[in-house]
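J.: Turn this into a model:
(2 chains)
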Amino acid sequence: MSWVEVDHLSVKAGAATLLSDVTLSIEAGTWCTIIGPNGAGKTTLVEAVAGLRRVASGSVQIAGQAIGDLNERERARLVSLVPQHPQVPAGMTVRDYVALGRVAYHGVLRAPNAGDHQVVESVLERLSLESFAQRDVATLSGGERQRMVLARALAQSTMVIVLDEPTTGLDLRHQMELLELLKTEVADCGLTIIATLHDLTLAGQFADRLVLLDQGVVVVDGPARDVVRSRELSEHYGMNLRVIDVDGSDVIVPVRH
Amino acid sequence: MTGVTVVGLVVAMVCGLVVGPTSIGTWRVVGDVFSHVGIGHSTLTGLQSTIIWQLRAPRMVLGLLAGAMLAVAGGTYQGVFRNPLADPYLLGVAAGAGLGATIAIVDVGSGVSTPTWTPLLAFGGAMIAVACTWLIGGKGLRSNAATLILAGVAVSALLTSAQTFLQQQSSANSITHVYLWLLGSLASADWQSVLLVVPYVAVCTFVCVLSGRALDAMSVGEDESRSLGVRVSQVRLIVIAASSLGTAAIVSAVGLIGFVGIIVPHIVRLLVGTSYRRILPISVIFGAAFLVFCDTIARTVMAPSELPLGVVTAVIGAPVFVVILSLRRGSVR
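T.: Numbering: from 1, shown residues only, chains lettered A, B, ... in the order given. Now for the predicted structure:
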């Protein structure tokens, strides 16, 4: 079943066109990663799916509901966001930060109820965050912080999560850990993931489907294994890329001319 | 911390009633207060009762209302704009009220001063200024917080220049009156002025305190809080309207009292943490106590003349803030 429908979507910023006539249909339980060079429109696309961008034309539908017709609370129950540079309010505890994911359910005037607390505690446990639930968010390391931001998104209990470069600033081990964690959530809960990633190897290894975007246009869209081997990948990155098979996994390496 | 603040408030209220040029014993004043609720008998003379209930009590109550409103408005502005330098006058309330009051006080053309209009024109000026800021800043709905702040700066600059021009055209006597008004004072407080501002302060303070949870959610930035389900534009509109309306009402009654709106929320933040659910209600109590305490000093230190209240709030508030800041830094290390 198609869960996320991006239909002829165009986004503009003044005279500049950031996305042009993008159409995607993403099945439930799919991990779809958007790749492309800098300025391709990856962040704009995921922000538009999250309902944070005004669209010039076209639409985004999640579970049959047009995102543009929903208010913030309705939208936040359908799709959650892990931004590239999350703002971390110093002084807030990890538990309170994760609990922000429940605002869409209890609203800003009421306190969270027992059900909300239960969801938060469950997410903290799943992501091994209980031991520092009372710590100030400003004291966390980069890896812990990204896990906490993912926990907030999971606390939103949405079936779709969009992630904009979630591994930014993390070392290799923490990148792998975070993506494995996400993969487990996809498998266990049937989540639909739309993520942007710069690392093509990680993109190819974790995603079911890759969408290559360049200058706001979808260039190639298909199974990850096919897209990483496509001629267009090297063309649009403007460099010579090779795919090496290591124990059945694709590793994409740039080759110097 | 709430308990300590409430004790401080009670002490400030007692000081506000007891301390003054006419010495009336503390327990006699307290006994008189209790006699009004049917407990015991008052031992005050008629003159002493008049001093307490017609001079000191309305002044103390107006001080409570002004301190509470300015502190909670400052706290909500700092939250909604995510700007530690925000105060209740950020969007032009002070400049608008200043121009309104100046128009009322100075001799414009006819040479007749109209000080009785001062509160009305100050209130109107403040509300018009905020409305202009809101409209210029893209109604705050589609624009971001920074645009609104810049619009506030522009509107304030324009209105302040108009006020300066009017002052330059007026007599020295008028300029003195304007200057005294700008410094803020509770000297003209009476029960009528208390009754005029009570509804505004009650409703606006309630709305501001209620916004704490929304402001906590907005501490992750506009886009992120929208993705969490916060209706940022509506929250911003409601919070700004409540803060500005309450502040305008207070300013029209007591003039421009500086420092309370910026320093009290910061002191409270250092004491209770960064959650607006705690900062705002405690700012209400702390601000009320702080201003009554400062006013008691302002009217007694150089009696029978009074110190400008804004000077006292700064002289008391700044060192307190520095001490708490250094203690907090010490504990963090």
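
J.: Spell out the residue ranges of the strands in the chain.
T.: All of this is about chain A. A:2-13, A:16-27, A:31-35, A:57-62, A:65-66, A:79-82, A:160-164, A:192-196, A:209-214, A:217-223, A:240-246, A:249-255 (DSSP state E).

J.: What is the burial count for residue 188?
T.: By default, I'm working from chain A. As a burial measure, A:Asp188 scores 9 neighbours (other C-beta atoms under 10 Å in any protein chain shown). In this view, the C-beta of every residue, glycine as well, is placed from N, C-alpha and C.

J.: nope, chain B
T.: Counted with other C-beta under 10 Å, residues neighbouring B:Ser188 total 15.

J.: Check B:Thr205 too.
T.: Neighbour count for B:Thr205, taken as other C-beta under 10 Å: 26.

J.: what helix or strand is it on?
T.: helix B:191-210 (DSSP states H and E).

J.: Grab the CA positions of that helix and hand them over as PDB.
T.: Output in PDB follows, covering the C-alpha atoms of helix B:191-210 (Å, rounded to 0.1, in the frame of the first residue of the first chain):
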ATOM      1  CA  TRP B 191      -7.900  52.300  44.700                       C
ATOM      2  CA  GLN B 192      -9.400  53.600  41.500                       C
ATOM      3  CA  SER B 193      -6.200  53.000  39.600                       C
ATOM      4  CA  VAL B 194      -5.900  49.600  41.200                       C
ATOM      5  CA  LEU B 195      -9.400  48.700  40.100                       C
ATOM      6  CA  LEU B 196      -8.700  49.900  36.600                       C
ATOM      7  CA  VAL B 197      -5.700  47.600  36.000                       C
ATOM      8  CA  VAL B 198      -6.900  44.600  38.000                       C
ATOM      9  CA  PRO B 199      -8.900  43.000  35.200                       C
ATOM     10  CA  TYR B 200      -6.100  43.400  32.700                       C
ATOM     11  CA  VAL B 201      -3.500  42.100  35.000                       C
ATOM     12  CA  ALA B 202      -5.600  39.100  36.200                       C
ATOM     13  CA  VAL B 203      -6.500  37.900  32.700                       C
ATOM     14  CA  CYS B 204      -3.200  38.600  31.000                       C
ATOM     15  CA  THR B 205      -1.100  37.100  33.800                       C
ATOM     16  CA  PHE B 206      -3.300  34.000  33.700                       C
ATOM     17  CA  VAL B 207      -2.800  33.700  29.900                       C
ATOM     18  CA  CYS B 208       0.900  34.200  30.200                       C
ATOM     19  CA  VAL B 209       1.300  31.600  33.000                       C
ATOM     20  CA  LEU B 210      -0.800  29.200  31.000                       C
END
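
J.: Quick one: list the elements packing against it.
T.: Other elements packing on helix B:191-210 under the criterion 3 or more C-beta pairs under 8 Å, 6 or more residues apart in numbering or on different chains; DSSP states H and E are helix B:57-80, helix B:232-254, helix B:276-300.

J.: ok, and for it, which residues are buried?
T.: For helix B:191-210, the neighbour count (16 or more other C-beta atoms under 10 Å in any protein chain shown) marks B:Ser193, B:Val194, B:Leu196, B:Val197, B:Tyr200, B:Val201, B:Cys204, B:Thr205, B:Val207, B:Cys208, B:Val209, B:Leu210 as buried.

J.: how much does that helix deviate in direction from helix B:276-300?
T.: On the basis of axes from the mean of the first three to the mean of the last three C-alpha atoms, to 10 degrees, helix B:191-210 is oriented at 150 degrees to helix B:276-300.

J.: Now do helix B:191-210, average pLDDT.
T.: The average of the pLDDT scores along helix B:191-210 is 92.

J.: ok, and what's touching it?
T.: Outside of helix B:191-210, the residues within contact range by C-beta atoms under 8 Å, 6 or more residues apart in numbering or on different chains are A:109, B:54, B:58, B:61-62, B:65-66, B:68-69, B:72-73, B:75-76, B:119, B:238-239, B:242-243, B:245-246, B:248-250, B:252-253, B:280-281, B:284.

J.: Using neighbour counts, trim those to the buried set.
T.: Burial by neighbour count, 16+ other C-beta under 10 Å: within these this picks out B:58, B:61-62, B:65-66, B:68-69, B:72-73, B:75-76, B:119, B:238-239, B:242-243, B:245-246, B:248-250, B:252-253, B:280-281, B:284.

J.: So which of those would count as near chain A as well?
T.: Among the buried ones among the contacts of helix B:191-210, none lies close to chain A by the criterion of C-beta under 8 Å from any C-beta of the partner chain.

J.: related to what we said a few turns ago, out of the strands of chain A, the one nearest B:Ala289 is which?
T.: Proximity to B:Ala289 (C-beta to C-beta) singles out strand A:79-82 among the strands of chain A, at 42.2 Å.
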